[in-house]
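> Structure for this input, please:
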Amino acid sequence: MSVSRLMQMGSARINDPYRNWSHPDIANGVKNTTYFASPHGINTGLFRWSYDGTKLFIMADSTDVHRHTASTAYDITTVSSSVDNEKTFTETVRSIFFKSDGTKAYTLEDTTTDIIRQYSLSTAWDISTATSDSKSYSSLQTSSAEDFFISYDGLKLYTMGNTTDKIFQHTLSTSWDISTASYDSVEFNLSTSGSQTNPASMWFAPTGKYFWVHGNATDDIRQYSMTTDWDISTASYDSIDFDNGDLVGPTALQFNNDGSKLYFGRALNDFIWEVAV
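Predicted structure coming up:
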């Protein structure tokens, strides 16, 4: 292998936000007693971290996305209550997802529409610079869509609704172009594997070997594993979960970039909690 190719591979690894990922132990998670509660707007339990952990995006008042800064990466106790910048969308935002470099954002419209829309950010991670790409995808295979996830290469999409209790798998023929998505005719039934019903949020490991679901009926976060990476038809419940009294009313779920912390939001009081795992 040439020196230039080795250098390219090394550079790609350095720029990989998940290069230090290790599998989290959610069963023994310890919740931080300090939480984040946005003083701006209502319905602020929906959130998303930037992949370097310095920006926290809060969905508020149904159509607004606010950006807050953490002075220490992925430390919920250091998140400023001030809003750095914000974007008001024309649709009601149920969930938001970012490309790992912060140049693309994807929104899931609320349960009446069930469509994912794509935006470009002219300045990475600056949500105020988001403009519509006039690209969308509506074949989500579920009504009352609650959450979605895009794999780290931008080629797989997973959608989830609380009426079907299922996760559906899709493929993007062009990486990160949501308009090229199509359904794989692959699904995973949460109600028959782990008895997880009325799911609200999900997150996948960067390895594609695991995913986690936070459900309303069980009020816990459950772990699933796949024998074939990113193929949910090979998934099964691991009988591993994180459960405590603050998990009621789930809204959003995310891990940090090395797997040492998980975060969950809840509708009750719109709190965002941090758990060491």
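> From here on, just use CA atoms for contacts and neighbour counts.
Fine.
> who touches the closest residue to residue 214 other than its chain neighbours in this structure?
The spatially closest residue to residue 214, leaving aside those adjacent along the chain, is residue 221, at 4.3 Å (Cα to Cα, 6 or more residues apart in numbering). Residue 221 makes contacts with 212, 213, 214, 215, 241, 242, 243, as judged by Cα atoms under 8 Å, 6 or more residues apart in numbering.
> Lowest average confidence across helices and strands of this structure, where is it?
Sorting the helices and strands of the chain by mean pLDDT, DSSP states H and E puts helix 3-14 at the bottom, at a mean of 41.
> ok so, going back, among the contacts of residue 221, name the ones in strands.
212, 213, 214, 215, 241, 242 (DSSP state E).
> What's the separation between the fifth one and residue 231?
In other words, residue 241. Note on residue 241: its distance to residue 231, by Cα to Cα, to the nearest Å, is 21 Å.
> got it, and the fourth one?
Using Cα to Cα, we find residue 215 at a distance of 21 Å from residue 231.
> Between these two, which is the more surrounded one?
A count of neighbours by other Cα atoms under 10 Å puts residue 215 above the other of residue 215 and residue 231, at 26 against 17.
> How much space separates the more buried one from residue 75?
In terms of Cα to Cα, residue 215 sits 25 Å off from residue 75.
> Check residue 257 too.
Distance from residue 257 to residue 75, by Cα to Cα: 12 Å.
> list residues touching both of these two?
Contacts common to residue 257 and residue 75, judged by Cα under 8 Å, 6+ apart, are residue 53.
> Settle it for me: which of these two has more neighbours?
Higher neighbour count among residue 257 and residue 75: residue 257, with 23 against 14, using other Cα under 10 Å.
> List the single closest residue to that one in space, sequence neighbours excluded.
The nearest residue in space to residue 257 (Cα to Cα, 6+ apart) is residue 18, at 5.1 Å.
> got the contact list for that neighbour?
The contact partners of residue 18, by Cα under 8 Å, 6+ apart, come to 206, 257, 258.
> Looking at those, which is nearest residue 225?
Among the contacts of residue 18, residue 206 lies closest to residue 225 (Cα to Cα), at 12.5 Å.
> and the gap between that closest one and residue 179?
Taken as Cα to Cα, the span from residue 206 to residue 179 is 23 Å.
> Which of the two has more residues huddled nearby?
Set residue 206 next to residue 179 and count neighbours by other Cα under 10 Å: residue 206 wins out with 22 against 18.
> For the stretch 101-250 of the chain, just list every one of the strands.
Assigned strands in the stretch 101-250 of the chain, in chain order: 104-109, 116-121, 130-137, 145-150, 156-161, 166-172, 181-189, 199-204, 210-215, 221-226, 235-242, 250-255 (criterion: DSSP state E, counting those that start in this stretch).
> strands paired with the fourth one, and their directions?
Each strand that strand 145-150 pairs with, and the sense of that pairing, follows from DSSP bridges: strand 156-161 (antiparallel).
> now the partner strand, how far from the centre of its chain.
Offset of strand 156-161 from its chain centre (Cα atoms, centre = their mean, to the nearest Å): 11 Å.
> Next, the angle from it to strand 210-215.
If you take axes from the mean of the first three to the mean of the last three Cα atoms, to 10 degrees, strand 156-161 sits at 20 degrees to strand 210-215.
> ok, residues contacting strand 156-161?
Residues contacting strand 156-161 (Cα under 8 Å, 6+ apart): 140-151, 166-172, 181, 198-201, 230.
> and with 7 Å instead?
With contact meaning Cα atoms under 7 Å, 6 or more residues apart in numbering, strand 156-161 is reached by 140, 142-151, 166-172, 199.
> mind listing what's buried in stretch 203-217?
203-206, 208-216 (16 or more other Cα atoms under 10 Å).
> how near is residue 259 to residue 276?
In terms of Cα to Cα, residue 259 sits 9 Å off from residue 276.
> one step back: Serialize the contacts of residue 18 to CSV and add fields for distance to residue 155.
Below are the contacts of residue 18 laid out as CSV (distance: Cα to Cα, whole Å):
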residue, distance to residue 155
206, 13
257, 20
258, 22
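> now those in CSV, with pLDDT?
Conversion of the contacts of residue 18 to CSV gives the following (pLDDT from 0 to 100):
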residue, pLDDT
206, 96
257, 96
258, 97
